[in-house]
Every structure is written in C-alpha cells, then in structure tokens.
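Asker: okay, sequence plus prediction incoming.
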Amino acid sequence: MREIKDKYWLALGLYTYAHDLHFRGNYSQARVVGEEALVLIREVGEPHAHVLILSALGYFAYAQGDLAMATQRYEQTLQIAKVTKNQPLIASCLVAQGAIAARLGQARQAARLWGAADGTALTLDLGNHNWYADIVRTQLGEEAFAAAWAEGQAMALEQILVPQELRET
C-alpha cells in the first residue's frame, strides 16, 4: 500500500514539476516529465490524477504545435472524464479540441466543439481561445457559426465520448 501512495505522490510531484518546466519555457522537458508522471499514475490507477496529467500533456503538445498528440491526449482525457463525470474537465477538453480544429482550418468543427463544451458547463470560458472563436465566427459568418454552436450545444453528453462524432466528414 505504501508503494502505491508513494507512486501517487511522486506522479503528482512530477506533474507539478512538468507545469513549472512548461511555464519556464522548457517545453520538451515538460513533456518528458509529464510522460513519466503518466506512467506512474497509470500504475496507481487513480482516475482523477490520471485525467489531470493527460490534460496537461495535451496542453503541452498543443503549445508545441503537436496537434496530433494534443488531440490524442485530449481524447483520452475525455474518455476518463466522462466516466468520472468531471463536467468542467469535459468542457475544457472540448474547448481545447475546438482550438485544435480552428488551427487546422476546420471552422465549423471548432464551433460545434465549443457549442458542445457550452452544453456541458455551467459557464463556458474559452480562455485564451477567444481570438480563435472570433476568427472562426468571421470565417463561417455569424449565422453559420451560431448554427454550428447550437448543434454542438444540443448534443447529449453521451454523444461526446470522443469528438470523432463531431468531426467534419
């Protein structure tokens, strides 16, 4: 039992250290340390810390422009966050996925994901992604943006297991 607790606290320490490295601009080392934390927390099997670490790794990958890895990490986070019913984290992941879609030029998809996030959260904050929303709104036009947002917002949480259901075909 002590070994499990030690791994848990070590994983959280590494998670905190990874954030510190990231905010100091050492992005690649932050990802390495974050991956170490992920290995440990998977061994422990604690879902709440697991999603925090996965989400952080998604953020680190996104910040480095590795959108494929960011997408993968956010999708993994969404799967666990759904099980734990962590609504704020679900919304946060959908907002991040929307930002990824916007960066990939998928304007309608971005609006749908943000709408889905709005449908899961008590209050939605796009945070640093507000300027993406402005770009997407301009690309789509107000009417199409609002329609895509409403489409995502109307989706039941069960439909959002992984944003693949929202991806443009």
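Answerer: Received it, and whenever you're ready, just let me know what you need.

Asker: now the element after the longest helix that the chain contains, going C-ward?
Answerer: As assigned by DSSP state H, the longest helix anywhere in the chain is helix 2-23. The C-terminal neighbour of helix 2-23 among helices and strands, as given by DSSP states H and E, is helix 27-44.

Asker: so that following helix versus helix 2-23, what angle?
Answerer: 160 degrees (axes from the mean of the first three to the mean of the last three CA atoms, to 10 degrees).

Asker: distance between stretch 103-111 and the chain's centre?
Answerer: A distance of 15 Å separates the C-alpha centroid of stretch 103-111 from that of its chain, computed with CA atoms, centre = their mean, to the nearest Å.

Asker: tell me the contacts of residue 70?
Answerer: The contact partners of residue 70, taken as CB atoms under 8 Å, 6 or more residues apart in numbering, are 58-59, 61-62, 96, 100. (Glycine included, C-beta is placed from N, CA and C.)

Asker: the helices in this structure, which residues?
Answerer: Using DSSP H, the helices assigned to the chain run over residues 2-23, 27-44, 47-63, 67-84, 87-103, 107-120, 130-140, 142-153.

Asker: what packs against the longest helix of the chain?
Answerer: Applying 3 or more CB pairs under 8 Å, 6 or more residues apart in numbering; DSSP states H and E, one finds that helix 2-23 makes contact with helix 27-44, helix 47-63.

Asker: would you point out the helix or strand in the chain whose mean pLDDT is lowest?
Answerer: With mean pLDDT, DSSP states H and E as the measure, the helix or strand of the chain carrying the lowest mean pLDDT is helix 130-140 (a mean of 80).

Asker: chain center to it: distance?
Answerer: Helix 130-140 sits 19 Å away from the centroid of its parent chain (CA atoms, centre = their mean).

Asker: same check on stretch 7-21?
Answerer: Average the C-alpha atoms of stretch 7-21, do the same for its chain, and the two points are 19 Å apart (CA atoms, centre = their mean).

Asker: what of stretch 78-90?
Answerer: Relative to its parent chain, stretch 78-90 has a centroid offset of 10 Å by CA atoms, centre = their mean.
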